[in-house]
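1. Coordinates for the following, if possible.
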Amino acid sequence: MGLFDSVFRRSRRVTDDAPTVPLPKTGLTFRVGNVQGVGLRERQEDSFAILNASNAGALAREGLLAVVADGMGGMADGKQASESAVAALCQSFRERAEEMPVPQWFRESAHAVSDSVYEQFSGRSGTTLVAVHIQRNQLHWVSVGDSAIYLYRSGGVFQLNQEHTYLNQLYARELTEDVICKERAEQDEDARRLTSFVGINCLEAVDGSLRSLPLQSGDVLLLCSDGISGVLTPPELMEAMRLPTDEGCTLLETLVLEKQVPEQDNYTGIMISCK
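-> Sure, this is the predicted structure:
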């Protein structure tokens, strides 16, 4: 593996001995793991955070927060933008008023974080952002950009969020054509261009849950940058998400690197399993 590692210039981080914490007032427990690598890029521009995963008291009071941000490599200071967005969301989480509904807090925080990044970098940089909040057995999520949130349940993998890319507009355009061609939309050179991101002037498009999703035993969540979601197929994601979190994260990395995608992007994933 030495040569393989050298070729891909990996900067790998996988959580060791992932903590198991009971979710208050339910029979569920969860395990959390993460993986991150540089791929074939010169530097790491993804950032992530996991709060309260191993603190039962804070978990009961505040819930668990997991967030992934993918700094935009085509803009200046992508790493700084993703770090700033993650730090700002975590700070907002710590200061959240208990009586504020999570969907409202997530949406207001996304706008506030975006405004902060825009002001900090004067519109020269940006980042995607996906985050989940779990309290007791209730899941909420928020999303800006093209990073992904997946749920594995009952033998299937489902993407919870809608990505903010030009591809969605191309799909809509195909519906007006006499002959609908999905491949034509996907092969457009601008298909992956972001239509919304944190740090844009006057953020408008924010995706998120309007009500909580009850988690079930056997559910697995995966938050990831497009270095994973843009490379692996649903069956490959499912193969990794069916494993214990530490093994699943390791397999995600193996599958990504085995693709040998030219100019492989940074990849970051957080996996949360419920039992």
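2. any idea how far the residue lying farthest from the centre of the chain is from residue 240?
-> Distance to the chain centre peaks in the chain at residue 178, reaching 36.2 Å (criterion: CA atoms, centre = their mean). Residue 178 sits 40 Å away from residue 240, taking CB to CB, to the nearest Å as the criterion. (Glycine included, C-beta is placed from N, CA and C.)
3. give me the beta-bridge partners of residue 66?
-> residue 50, residue 132 (DSSP bridges).
4. so how far is residue 197 from it?
-> 19 Å.
5. higher neighbour count, the two?
-> Each of residue 66 and residue 197 has its neighbours counted (other CB atoms under 10 Å); residue 197 has more, 27 against 24.
6. correct me, but the more buried one touches residue 127?
-> Yes. Between residue 197 and residue 127 there is a contact under CB atoms under 8 Å: 6.5 Å.
7. Mutual contacts of the two, please.
-> 72, 145 (CB atoms under 8 Å, 6 or more residues apart in numbering).
8. Run through the helices of the chain in chain order.
-> 2-8, 56-62, 78-95, 102-121, 166-174, 182-186, 226-229, 234-241, 245-258 (DSSP state H).
9. ok, so what distance separates residue 201 from residue 62?
-> Taken as CB to CB, the span from residue 201 to residue 62 is 32 Å.
10. Look at those two and report which has more neighbours.
-> Remark: of residue 201 and residue 62, residue 62 carries more neighbours, 17 against 9, as counted by other CB under 10 Å.
11. Now for residue 188, how many residues are close by?
-> Counted with other CB under 10 Å, residue 188 comes out at 15.
12. For it, give its distance to residue 226.
-> Distance, residue 188 to residue 226, by CB to CB: 17 Å.
13. repeat for residue 67
-> According to CB to CB, residue 67 stands 16 Å off from residue 226.
14. between these two, which one's more packed in?
-> Using other CB under 10 Å as the criterion, residue 67 and residue 226 rank with residue 67 on top: 26 against 21.
15. Spatially nearest residue to the more buried one (excluding sequence neighbours)?
-> Nearest residue to residue 67, sequence neighbours excluded (CB to CB, 6 or more residues apart in numbering): residue 131, at 4.0 Å.
16. can you give me phi and psi for the residue farthest from the centre of the chain?
-> Backbone dihedrals for residue 178, given as degrees, to the nearest 10, come out at phi -60, psi -40.
17. repeat for residue 261
-> phi -70, psi 130.
18. need the contact list for it.
-> Neighbouring residues of residue 261 by CB under 8 Å, 6+ apart: 40, 231.
19. Kindly state the pLDDT recorded for it?
-> As predicted, residue 261 sits at a pLDDT of 96.
20. Over to the one 10 residues further on?
-> Per-residue pLDDT puts residue 271 at 98.
21. Which positions in stretch 54-71 come out as buried?
-> Across stretch 54-71, burial judged by 16 or more other CB atoms under 10 Å covers 59-60, 62-71.
22. Then stretch 80-99?
-> 80-90, 92-93, 96.
23. which of these has the weakest pLDDT?
-> For those, the pLDDT minimum is residue 96, 93.
24. Excluding chain neighbours, what is closest to that residue?
-> Nearest non-adjacent residue to residue 96, counting by CB to CB, 6+ apart: residue 105, 5.3 Å away.
25. Also residue 109?
-> Among residues not flanking residue 109 along the chain, residue 92 sits closest, at 4.4 Å (CB to CB, 6+ apart).
26. same check, this time on residue 214
-> residue 137 (5.6 Å).
27. distance of that neighbour from residue 85?
-> 28 Å.
28. which stretches of the protein have low pLDDT?
-> 1-27, 74-76, 185, 190-191 (pLDDT under 70).
29. try 90
-> 1-30, 54-57, 59-61, 72-77, 98-99, 123, 136, 165-193, 275 (pLDDT under 90).
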